[in-house]
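*Asks:* here is a sequence with its predicted model. Questions after.
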Amino acid sequence: MHNPRFHILPLALLLTIVNMLPAQTSGYGESPSDRPVLCYPASPAGETVQFAVGIRLLTLPQDIVEEEINKAPSLDLAGRLSLFPWIDVTGNATVQYFSNQLRLGMRSAHRTGDIALSAGYDVGLWFGFVDLEGFDNRANGWTHYPHVSMGYDFGDVFLTVRSELIWMQAMRSFAGNNEVRNTRNRIAGSAWSAVLEQPFWGNTHVQLGLRLSYTDFHYQSWFAFSTFERKLLFSELLFGVLL
């Protein structure tokens, strides 16, 4: 039976260790707003572009895959462009070859004191390939993510929590030239995430995050060829470096 506690505990331990490390001088000024942030739903004054690169580790439920292959690490690239103090354009690329997703979205944010709120909408194009050991399978689809976020500025640390709806607009999979699945327009589930952005060492700032998706379809699970559409819990750990 899939137990989410086994995926939450490693992140909690990692966050505890990182927060015990002495924070180094950031070099971005005395104000927390001068330090780099990406997920926090309010852009620092004067900072219009921010990028991050990291690793995202998805744990697939054992209901649909064998334990030996249920860990799926991906390269994670993210960026933010602030058009106005209250409008951001965001982008994200999660790359793994077997399953990849490109997300582009926009959010409107408002900050009052240390608290920041935002609402936004992302559109994701995903695609994947399994062409090993005689397999010739591929899949692609479009997914929409309307979302809301709340962030708190602790001074040295930015904490952001986010809730999003997962709407599958289209999903197609193929075996060779034969289409084996075509699904359209359904609410697949929802997701919740929490991300810390903080100084790590010297001028380096990092992201540490956890995302939990309760959904009947996750794009990175397409190659499992699951025969049922029951909502399951997918957990993702994120470690990234702010550039």
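*Replies:* Structure's in. What do you need? Numbers count the residues shown, from 1 in each chain.

*Asks:* can you give me the helices for the protein?
*Replies:* 5-20 (DSSP state H).

*Asks:* which one's the longest strand in it?
*Replies:* strand 178-201 (DSSP state E).

*Asks:* I'd guessed A109 sits against A116; true?
*Replies:* Yes: using CB atoms under 8 Å, A109 is in contact with A116, at 6.0 Å. C-beta coordinates here come from the backbone N, C-alpha and C atoms, glycine included.

*Asks:* what touches both of the two?
*Replies:* P41, A42 (CB atoms under 8 Å, 6 or more residues apart in numbering).

*Asks:* so which residues of the protein form strands?
*Replies:* Going by DSSP E, the chain shows strands at 49-59, 71-84, 87-95, 100-112, 115-130, 137-153, 158-175, 178-201, 204-215, 232-242.

*Asks:* now F223, nearest residue through space, not along the chain?
*Replies:* V130 (5.0 Å; CB to CB, 6 or more residues apart in numbering).

*Asks:* wait, I meant F200
*Replies:* Closest to F200 by CB to CB, 6+ apart is V206, at 4.3 Å.

*Asks:* can you give me every residue that contacts the one you found?
*Replies:* V18, E197, Q198, F200, F239, G240, V241, L242.

*Asks:* check the second one and give its pLDDT.
*Replies:* So that's E197. On pLDDT, E197 comes in at 95.

*Asks:* would you mind measuring from it to S221?
*Replies:* 28 Å (CB to CB, to the nearest Å).

*Asks:* look at these two and report which has more neighbours.
*Replies:* E197 (24 against 21; other CB atoms under 10 Å).

*Asks:* which residues does that one bridge with?
*Replies:* For E197, the beta-bridge partners under DSSP bridges are F158, Q207.

*Asks:* what sits against P41?
*Replies:* R107, A109, R111, A116, L117, S118, S149, M150, G151, T160.

*Asks:* and the gap between it and G141?
*Replies:* Counting by CB to CB, the gap from P41 to G141 is 27 Å.

*Asks:* in the chain, where is pLDDT below threshold?
*Replies:* 1-34, 43-47, 63-71, 224-229 (pLDDT under 70).

*Asks:* center of it, which residue is that?
*Replies:* R211 (6.6 Å; CA atoms, centre = their mean).

*Asks:* and that residue, how far is that from D136?
*Replies:* For R211 relative to D136 (CB to CB), the value is 31 Å.

*Asks:* next one: P146
*Replies:* Taken as CB to CB, the span from P146 to D136 is 35 Å.

*Asks:* now swap in D156 and tell me
*Replies:* From D156 to D136 the distance is 51 Å (CB to CB).

*Asks:* before we move on, what about T48?
*Replies:* Taking CB to CB, one finds T48 at 45 Å from D136.

*Asks:* same deal with L242?
*Replies:* 40 Å.

*Asks:* repeat that for S99.
*Replies:* 16 Å.

*Asks:* more neighbours: which of these two?
*Replies:* S99 (22 against 13).

*Asks:* surely P199 touches R35?
*Replies:* Yes: the pair P199 / R35 is scored as a contact, 7.2 Å apart, by CB under 8 Å.

*Asks:* related to what we said a few turns ago, buried subset of the contacts of P41, written for PyMOL?
*Replies:* In PyMOL, a selection of the buried entries from the contacts of P41 looks like this (16 or more other CB atoms under 10 Å):
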select buried, resi 107+109+111+116+118+149+151+160
